[in-house]
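A.B. asks: Sequence below, structure please.
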Amino acid sequence: MAMARKLVIVQAAALGYDFLQRHRGCRWQDHDFHSLETVFPALTCTVQASFRTAAAPAAHGMIANGLYHRTLRRPMFWEQSSALVAGPRFWEKYHAAGKRVAMLFWQQSLGEDAEILLSPAPIHKHSGGMIQSVYSRPAGQYETLRRRVGRDFELMRYWGPFASSASSAWIAQATAALLLDSHSPDLCLTYLPALDYDLQRFGPDAPRAAQALDDLFAQLDILKTAARKSGHDLLVFGDYAIGPVHSAAYPNRTLLEQGWMATRTVRGMSYPDFAASRAFALVDHEVAHVYVRNPADVPCVRQTLASTPGIAAILEPGKDAASPCRHPNTGELILTAADGWWFAYPWWGSRKEEPDFAGHVDIHNKPGYDPCELFLGWPPGTVSRNTSRIRGSHGRIGPGRRIAWMATFDPGRAPADLTDLATLTRNWLEDSL
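C.D. replies: Modelled structure (predicted):
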């Protein structure tokens, strides 16, 4: 009987195919990579959930990087429970055969059926401030890898105004150390986030973007070498392609002005009142889910938003046959941004009204993704609120938005899309059992 195959899967944020083609000076030859259609919406959590389940968002339910929990009447972004992703994992049969699985820094991984898990898990102190920490299974795994890498994982390099390639470099080195361990996992899924940062800050055609790509390939070289030494094949794929943007659209401002969204004033600051809101937008890069409490109000809300600058399309999942993401987690309406635009979450009109969390890195309380957290703001100790600084975004699919992928194994045929690539990967692993 043939020896079971081993594989390391690298999900590289923002590795778009056209972007890769424009920067041909990279370390790996261009012909190693192929073009592939990703899923809609093209967002980190959605793509990772689609790959691990080999299913579309309409099946697994992770329709954005955050979800609106209707029973709690509260949007929650970047929650890490694996139970948020519905459906069987592509490695189930492989795992049941006794093969060991590791997940390093994938989203929604806590509680996943794997022997080894690593995920950022800071402790927010009641007195203010934060204790940097990494969730680890088994206990002590992070400390072991930290010693082998020679330094701590720094959360401030993973997200925020100081985010940099240092985060991906640590993850790549830790993954390599794990692969070269005498008890290395048979299947290892890891995530390199850093290419995304400067593409959002400066745009996909900026000189800094080319440097960020060079940094990514230095990290992939580390993993490629470790995989070869440990007897693992290698699969690398992007989650989305970033396009250039110049302006932000504000659907919540429109909804507040027209009486659909409700707020409450606390010490002069405007906070969202989701319990009283009849409609609001959960924004995520170039896509927004609009949640409308009364179904009878949907046509009016749709008409209200139609005049908002920066919206290219408004889809109604319950009626529009062309609408993707037909899942209960989806908003009653889905907005996609016009070319060159992205969606910002603010609803207030003046700086004095902004809620306290607006000027800080606060990925959980903001009802939408906030790329302005990638810049320092004023006064010192805050992050930027200037949406005009953002030069790259993602979420849409279509021409120029395909992702890049490569594999050291033969999947048997060219995959039709990202979920098909996951299916072919599953079949390739199971064929060796």
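
A.B. asks: how does this protein divide up, domain by domain?
C.D. replies: Annotated domains of the chain cover 7-242+396-430, 247-390 [automatic domain parsing].

A.B. asks: now those domains as TSV including mean neighbour count and mean pLDDT?
C.D. replies: Heads up, the C-betas are built off the backbone N, CA and C, glycines and all. As requested, those are arranged in TSV below (neighbours: other C-beta atoms under 10 Å; pLDDT from 0 to 100):
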stretch	mean neighbour count	mean pLDDT
domain 7-242+396-430	19	94
domain 247-390	18	94
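
A.B. asks: so where do the helices sit in the stretch 201-350 of the chain?
C.D. replies: Taking DSSP state H, counting those that start in this stretch, the helices of the stretch 201-350 of the chain run over residues 207-230, 251-257, 298-305.

A.B. asks: Alpha carbons only: can I get the shortest one in CSV?
C.D. replies: The C-alpha coordinates for helix 251-257 follow below in CSV (Å, rounded to 0.1, in the frame of the first residue of the first chain):
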residue,chain,number,x,y,z
PRO,A,251,-24.6,53.5,3.6
ASN,A,252,-25.3,53.9,7.3
ARG,A,253,-25.3,57.7,7.0
THR,A,254,-28.0,57.4,4.4
LEU,A,255,-30.0,55.0,6.6
LEU,A,256,-29.6,57.3,9.6
GLU,A,257,-30.6,60.4,7.7
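
A.B. asks: That helix packs against which elements?
C.D. replies: strand 279-284, strand 287-292, helix 298-305 (3 or more C-beta pairs under 8 Å, 6 or more residues apart in numbering; DSSP states H and E).

A.B. asks: Could you check the angle the second one makes with helix 298-305?
C.D. replies: Here strand 287-292 runs at an angle of 130 degrees relative to helix 298-305 (axes from the mean of the first three to the mean of the last three C-alpha atoms, to 10 degrees).

A.B. asks: Give the pairing partners of strand 287-292; include direction for each.
C.D. replies: Strands that pair with strand 287-292, judged by DSSP bridges, come out as strand 279-284 (antiparallel), strand 333-337 (antiparallel).

A.B. asks: Reformat the helices of the stretch 201-350 of the chain as a markdown table; add distance to C372.
C.D. replies: Output for those, formatted as a markdown table (distance: least, C-beta to C-beta, whole Å):
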| stretch | distance to C372 |
| --- | --- |
| helix 207-230 | 17 |
| helix 251-257 | 15 |
| helix 298-305 | 22 |
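
A.B. asks: What spatial separation is found between E332 and Q173?
C.D. replies: Applying C-beta to C-beta, to the nearest Å, the value for E332 to Q173 is 45 Å.

A.B. asks: Nearest to E115, out of the helices of the stretch 201-350 of the chain?
C.D. replies: For E115, the closest of the helices of the stretch 201-350 of the chain is helix 207-230, at 15.9 Å, according to C-beta to C-beta.

A.B. asks: What is the closest one packed up against?
C.D. replies: In terms of contacts (3+ C-beta pairs under 8 Å, 6+ apart), helix 207-230 is packed against strand 7-12, helix 17-22, helix 165-179, strand 187-192, helix 195-202, strand 233-238.

A.B. asks: Can you add distance to I390 and give those back as a markdown table?
C.D. replies: Supplementary listing: the helices and strands packed on helix 207-230 in a markdown table, determined by distance: least, C-beta to C-beta, whole Å:
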| stretch | distance to I390 |
| --- | --- |
| strand 7-12 | 21 |
| helix 17-22 | 17 |
| helix 165-179 | 19 |
| strand 187-192 | 22 |
| helix 195-202 | 6 |
| strand 233-238 | 20 |
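
A.B. asks: What would stretch 407-422 look like as CSV? C-alpha coordinates only.
C.D. replies: Extracted C-alpha coordinates of stretch 407-422, given in CSV (Å, rounded to 0.1, in the frame of the first residue of the first chain):
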residue,chain,number,x,y,z
ALA,A,407,0.6,23.1,-6.1
THR,A,408,3.6,20.7,-6.1
PHE,A,409,1.1,17.9,-6.6
ASP,A,410,-1.1,17.1,-9.6
PRO,A,411,-4.7,17.6,-8.7
GLY,A,412,-5.8,15.6,-11.8
ARG,A,413,-7.4,18.5,-13.7
ALA,A,414,-7.7,22.2,-13.6
PRO,A,415,-10.1,23.3,-10.8
ALA,A,416,-13.2,25.3,-11.8
ASP,A,417,-13.1,27.6,-8.8
LEU,A,418,-11.8,27.8,-5.2
THR,A,419,-14.3,25.2,-3.8
ASP,A,420,-13.4,22.8,-6.6
LEU,A,421,-9.8,23.2,-5.7
ALA,A,422,-10.7,22.2,-2.2
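
A.B. asks: Great, nothing more from me.
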